[in-house]
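**Student:** next comes the sequence, and after it the predicted model I'd like to discuss.
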2 protein chains.
Amino acid sequence: MTAFRNPVPTVDAVILVPDDRVVLVHRKHPPLGWAIPGGFVDEGEPLEAAATREAAEETGLAVTLLEQFHSYSDPARDPRRHTISTVFLASASGEPRGGDDAAEARSFAWDALPSPIVFDHREILADVRRYLLTGARRRP
Amino acid sequence: MTAFRNPVPTVDAVILVPDDRVVLVHRKHPPLGWAIPGGFVDEGEPLEAAATREAAEETGLAVTLLEQFHSYSDPARDPRRHTISTVFLASASGEPRGGDDAAEARSFAWDALPSPIVFDHREILADVRRYLLTGARRRP
């Protein structure tokens, strides 16, 4: 079967937790490092449902989506293949706990993010941080 | 080949033209009716490039992207299969001219949009109109 080849839709949830902290997960599979919780969107699944599901699977947190932030689509953002990530801002309370593709889930202060952060997630976090501080969104 | 089945990424460009008008295209293929210019994202193509390309192909206009507006992903939004559309706001000058999958391209006043408008494009246009008037974005 020769199918039309298209980028693959994914979601990421930037989970804001009390004391101005953000939840990241340490990936179980390559590329190894810290990442914003997220994953692939299933056929028939709205982006919002995918973001809530992936957040729960990887952090154990029942998140509330605050807003859809931005969709990132640089073909080089994932070394494996071209993915598009629609990023949501979410809030949650409680202690994150790694699960599914996440070996570990922890919250970090914005000025003490861990390293390495994989994919384009450091850039996404910088965009979110700037938005939270100034209200300025990324421009095309 | 049994591939993981995922929604298909698309883009739409809400093209704002002088005198507070918006450009729509009349589709050449079913579902027939008026639509926001747009189409499928190619592998290796950023969303922004796809939006500019599709706008040019279907309207003949060289658009300037103003901002990424919102990604729409209701599985029922396209009767053929599950697509996700990332919608951009764009500006252009000059006369639209139908091409590619568009039989016709015309500009309309916001309070005199044509009918029928296919997919979820009437809802998207209502969201954009509200945003332009009030600054309010769609919430999850």
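**Tutor:** Thanks, I have it.
**Student:** show me what A:Ala105 is bridged to.
**Tutor:** Per DSSP bridges, residues listed as beta-bridge partners of A:Ala105: A:Val25.
**Student:** ok, so what distance separates it from A:Asp120?
**Tutor:** Distance of A:Ala105 to A:Asp120, given as C-beta to C-beta, to the nearest Å: 20 Å. Where C-beta positions appear, they are placed from N, C-alpha and C, glycine not excepted.
**Student:** quick one: which of those two has more around it?
**Tutor:** For A:Ala105 and A:Asp120, the more surrounded residue by other C-beta atoms under 10 Å in any protein chain shown is A:Ala105, and the numbers stand at 22 against 19.
**Student:** from what I can see that one touches A:Gly60, true?
**Tutor:** Yes - with contacts counted by C-beta atoms under 8 Å, A:Ala105 reaches A:Gly60, the gap being 7.0 Å.
**Student:** for the two, list the residues in contact with both.
**Tutor:** Common contacts of A:Ala105 and A:Gly60, defined by C-beta atoms under 8 Å, 6 or more residues apart in numbering or on different chains, comprise A:96-99.
**Student:** contacts with chain B among those residues, please.
**Tutor:** Among the shared contacts of A:Ala105 and A:Gly60, no residue sits close to chain B (C-beta under 8 Å from any C-beta of the partner chain).
**Student:** if I look at A:Val25, how far off is chain B?
**Tutor:** The spacing between A:Val25 and chain B, counted by C-beta to the nearest C-beta, to the nearest Å, is 21 Å.
**Student:** and that residue, what's its pLDDT?
**Tutor:** At A:Val25, the model reports a pLDDT of 97.
**Student:** report the contact partners of it.
**Tutor:** With C-beta under 8 Å, 6+ apart, A:Val25 has these contacts: A:34-37, A:58-59, A:96, A:98, A:101-105.
**Student:** how about the strands in chain A?
**Tutor:** Using DSSP state E, the strands of chain A run over A:8-17, A:21-27, A:34-35, A:38-40, A:64-72, A:83-91, A:102-109.
**Student:** give me the mean pLDDT for the last one.
**Tutor:** Looking at strand A:102-109 alone, the average pLDDT works out to 94.
**Student:** now do that strand: which elements does it pack against?
**Tutor:** The contact analysis (3 or more C-beta pairs under 8 Å, 6 or more residues apart in numbering or on different chains; DSSP states H and E) places strand A:102-109 against strand A:21-27, helix A:47-59.
**Student:** can I get it as PDB, trimmed to CA atoms?
**Tutor:** Output of strand A:102-109 as PDB, limited to C-alpha atoms (Å, rounded to 0.1, in the frame of the first residue of the first chain):
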ATOM      1  CA  ALA A 102       7.700   7.800  31.600                       C
ATOM      2  CA  ALA A 103      10.300   6.200  33.900                       C
ATOM      3  CA  GLU A 104       9.800   9.100  36.300                       C
ATOM      4  CA  ALA A 105       7.700  12.200  36.700                       C
ATOM      5  CA  ARG A 106       8.700  15.200  38.800                       C
ATOM      6  CA  SER A 107       7.900  18.900  39.200                       C
ATOM      7  CA  PHE A 108      10.500  21.500  38.700                       C
ATOM      8  CA  ALA A 109      10.900  25.200  39.400                       C
END
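**Student:** kind regards, and thank you for your time.
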